[in-house]
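A.B. asks: For reference, the sequence and a predicted model appear below.
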Amino acid sequence: MNRKKTTGLITDIVLIDIINFSKLTSKQQLELVVFITKSFKKMIGKMLVNSNTPLSKFIIGFVSTGDGFYCILNSRLKGFGAILGLSFNHLAEHISTKYSYFQGIRIAVHTGEVNEFTDILGNKNFIGDGLNDCARYLEIKNFNITTVMVSETGYSSLREFLILHKDFDTLLLKQGLQKSSTLTFYDKHGYEKRGCLIWLRKSGIINPPDINFNSII
């Protein structure tokens, strides 16, 4: 019997990880997660209004990790994941002023494969090597919370995005986008990973481009 091979979607994955979340009390964990969720939702809502983009077309999935979440972008916006990570980092600075026990977030961005499936409750969910690979980029030592760790493929997608959207290239130059040299390390499974750290000298929240999504089914 021949089984149909599942074809995954190649897109940007942004992983948000709350530092030392498991060391907080249950009350602090709940308080922090509720506030972060509301803050991120509000931030994304404003971004989409300014970009004339529906949420369902911008982000195709959120996957909880317990101490953070994966944010999976529409493949039409591949390359914007790194910029979204920078925006999340800016919002984290605001959150740190409200909760003294909040130690910040670590952010990894990767372009990889995800597969959609329906979970036991009938909800859309995602799995795939892209999610696992993205998590590996948080294993790099001496991670600076003011930066975003971008995989080699994630950074290539960013460069392609900036070629197509030259106004974003100009904006990031104005905001002082900085990039480390290529970093090479081995993950817990012994596989080599390559990527770089990026950050903005002048941080802020950057809206996605206004794209006509009418052709997307």
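C.D. replies: Now that the structure is in, tell me what you want to look at.

A.B. asks: can we go C-alpha only for contacts and neighbour counts from here?
C.D. replies: Will do.

A.B. asks: Can you point out the buried residues in the longest strand seen in the chain?
C.D. replies: Looking across the chain with DSSP state E, the single longest strand is strand 105-118. By neighbour count with 16 or more other Cα atoms under 10 Å, strand 105-118 contains the buried residues 105, 106, 107, 108, 109, 110, 111, 112, 113, 114, 115, 116.

A.B. asks: Quick check: residue 160 touching residue 79?
C.D. replies: Yes: with contacts counted by Cα atoms under 8 Å, residue 160 reaches residue 79, the gap being 6.8 Å.

A.B. asks: Neighbour count: the two, which is higher?
C.D. replies: residue 79 (26 against 13; other Cα atoms under 10 Å).

A.B. asks: Wasn't the more buried one part of a helix?
C.D. replies: No: secondary structure of residue 79 (DSSP: H, G, I helix; E, B strand; the rest coil): coil, not part of a helix.

A.B. asks: and it, how far is that from residue 20?
C.D. replies: 29 Å (Cα to Cα, to the nearest Å).

A.B. asks: mind listing what the spatially closest residue to residue 73 that is not a sequence neighbour touches?
C.D. replies: Once flanking residues are discounted, residue 73 sits nearest to residue 59: 4.4 Å by Cα to Cα, 6 or more residues apart in numbering. Residue 59 makes contact with 71, 72, 73, 74, according to Cα atoms under 8 Å, 6 or more residues apart in numbering.

A.B. asks: out of these, which are inside strands?
C.D. replies: 71, 72, 73.

A.B. asks: Put the buried members of these into a PyMOL selection.
C.D. replies: Applying 16+ other Cα under 10 Å to the ones in strands among the contacts of residue 59 leaves a buried subset, and the PyMOL line that selects it is:
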select buried, resi 71+72+73
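
A.B. asks: gap between the longest helix along the chain and the chain center?
C.D. replies: Within the chain, and with DSSP state H defining each element, the longest helix by residue count is helix 26-51. When distances are taken as Cα atoms, centre = their mean, to the nearest Å, helix 26-51 is centred 14 Å away from the chain's centroid.
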